[in-house]
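Enquirer: sequence plus predicted model, see below.
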Amino acid sequence: MRISFKTTLPFLSVFLALANALDVSPKGIDFIAKFEGFRANCYLDSARLWTIGYGHLCGKAKCSNIPGPLTVVAAKEILRQDLDKAIQCVRTLLNLNQA
């Protein structure tokens, strides 16, 4: 089977439109938070990386850049920020591939 530009263009346009609208709903954040589990204090995850909250990688030894213990509200805000960064990466990759 040969794929041509004419046949993939409509799908690509729809995919890019969806990517531009990409966002995570409050229910999506709750789902991810439940999956990740909450830890108020820093800990070493299974990959031996310092982590806190809902799976946030600290980047510094013992999460010295994030004062703990975290509240659930603060941890969800950090999760939201992490998700925003991930969404921006996806958008950037899709825009690079569009050119």
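Expert: Ah, there it is. Numbering: from 1, shown residues only.
Enquirer: CA atoms for contacts and neighbours, from now on please.
Expert: OK.
Enquirer: same question for stretch 24-36: list its buried residues.
Expert: Buried residues in stretch 24-36, counted by 16 or more other C-alpha atoms under 10 Å: 29, 32-33.
Enquirer: ditto for stretch 82-99
Expert: Using 16+ other C-alpha under 10 Å as the test for burial, stretch 82-99 gives 83, 87, 91, 94.
Enquirer: how about the contacts made by His56?
Expert: Counting by C-alpha atoms under 8 Å, 6 or more residues apart in numbering, His56 touches 78-79, 82.
Enquirer: got CSV for those, with pLDDT too?
Expert: What follows is the contacts of His56, written out as CSV (pLDDT from 0 to 100):
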residue, pLDDT
Ile78, 94
Leu79, 94
Asp82, 92
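Enquirer: same for the helix ranked longest in the chain, what does it pack against?
Expert: Longest among the helix segments of the chain by residue count, using DSSP state H, is helix 72-98. In this structure, helix 72-98 makes packing contacts with helix 5-20, helix 26-36, strand 50-53, strand 56-57, judged by 3 or more C-alpha pairs under 8 Å, 6 or more residues apart in numbering; DSSP states H and E.
Enquirer: off-centre distance for it?
Expert: Its chain's average C-alpha position is 5 Å from that of helix 72-98, according to C-alpha atoms, centre = their mean, to the nearest Å.
Enquirer: kindly calculate the angle that it makes with helix 26-36.
Expert: Orientation of helix 72-98 against helix 26-36 (axes from the mean of the first three to the mean of the last three C-alpha atoms, to 10 degrees) gives an angle of 110 degrees.
Enquirer: quickly note the distance from the residue nearest to Arg80 when sequence neighbours are not counted to Phe35.
Expert: Across the structure, with C-alpha to C-alpha, 6 or more residues apart in numbering as the measure, the residue nearest Arg80 apart from its sequence neighbours is Ile29 (7.3 Å). Ile29 sits 10 Å away from Phe35, taking C-alpha to C-alpha, to the nearest Å as the criterion.
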